[in-house]
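Student: Any chance you could fold what I've pasted below:
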Amino acid sequence: MRVFRRFLIWLAALLTLLGAAASVIMFLQPWRSCPEIDDSSAGCPATESDLALLGLAVAAMLIGLVLWIAAVPRYQRITCEFAAPFGALPASPASGAPPVPSKLHSADEKQ
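Tutor: Got it, this is the predicted structure:
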């Protein structure tokens, strides 16, 4: 199980990084040029195939993130059974203690 989880974490990291890099590259389109519209390649309109590849890259990145979250090991929560295996604790800390006598103030004694 440990080897499989490690494989899933590496696969998720690879998908996330490749998807993020491909998304940025597809968004910027450094290979495109359209001097009649804009000097920048990012100002050129995208074709249908560019949008499909951008969507595929974003989907790969999201799948990688979801896989990464699912593959990361979680720590077990500590329940009452594990926190106090020695038995039930008393309801209040003073329930087993002997009663403490209260002393009257001198003003109360004179009345």
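Student: For the longest helix seen in the chain, which helices and strands make contact with it?
Tutor: Here the longest helix in the chain is taken by residue count, with DSSP state H as the criterion, and it is helix 2-28. Taking 3 or more Cβ pairs under 8 Å, 6 or more residues apart in numbering; DSSP states H and E as contact, the helices and strands that helix 2-28 lies on are helix 48-71. C-betas here are computed from N, CA, C, even on glycine.
Student: Show me what the helix it packs on is packed against.
Tutor: Secondary-structure packing of helix 48-71 (3+ Cβ pairs under 8 Å, 6+ apart): helix 2-28.
Student: related to what we said a few turns ago, so the longest helix of the chain versus helix 48-71, what angle?
Tutor: What separates the directions of helix 2-28 and helix 48-71 is an angle of 150 degrees, with axes from the mean of the first three to the mean of the last three Cα atoms, to 10 degrees.
Student: Pull out the buried residues from helix 2-28.
Tutor: Of the residues in helix 2-28, those buried by neighbour count under the rule 16 or more other Cβ atoms under 10 Å are 9, 12, 15-16, 19-20, 22-23, 26.
Student: send the alpha carbons of stretch 31-51 over as PDB?
Tutor: Backbone C-alpha positions of stretch 31-51 (Å, rounded to 0.1, in the frame of the first residue of the first chain) are rendered in PDB as follows:
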ATOM      1  CA  TRP A  31       4.400  30.500 -31.600                       C
ATOM      2  CA  ARG A  32       1.600  32.600 -32.900                       C
ATOM      3  CA  SER A  33       2.000  35.900 -34.700                       C
ATOM      4  CA  CYS A  34      -0.600  38.300 -36.100                       C
ATOM      5  CA  PRO A  35       0.900  41.600 -36.900                       C
ATOM      6  CA  GLU A  36      -2.300  42.900 -38.400                       C
ATOM      7  CA  ILE A  37      -4.100  42.600 -35.100                       C
ATOM      8  CA  ASP A  38      -1.500  43.000 -32.300                       C
ATOM      9  CA  ASP A  39       2.200  42.900 -31.900                       C
ATOM     10  CA  SER A  40       1.900  40.600 -28.900                       C
ATOM     11  CA  SER A  41       1.300  36.900 -29.500                       C
ATOM     12  CA  ALA A  42      -1.100  36.800 -26.500                       C
ATOM     13  CA  GLY A  43      -3.400  39.300 -28.400                       C
ATOM     14  CA  CYS A  44      -4.000  36.900 -31.300                       C
ATOM     15  CA  PRO A  45      -7.300  35.100 -31.300                       C
ATOM     16  CA  ALA A  46      -7.200  31.400 -30.400                       C
ATOM     17  CA  THR A  47      -8.400  28.700 -32.700                       C
ATOM     18  CA  GLU A  48     -10.700  25.800 -31.700                       C
ATOM     19  CA  SER A  49      -7.800  23.400 -31.400                       C
ATOM     20  CA  ASP A  50      -5.900  25.800 -29.100                       C
ATOM     21  CA  LEU A  51      -8.900  26.100 -26.800                       C
END
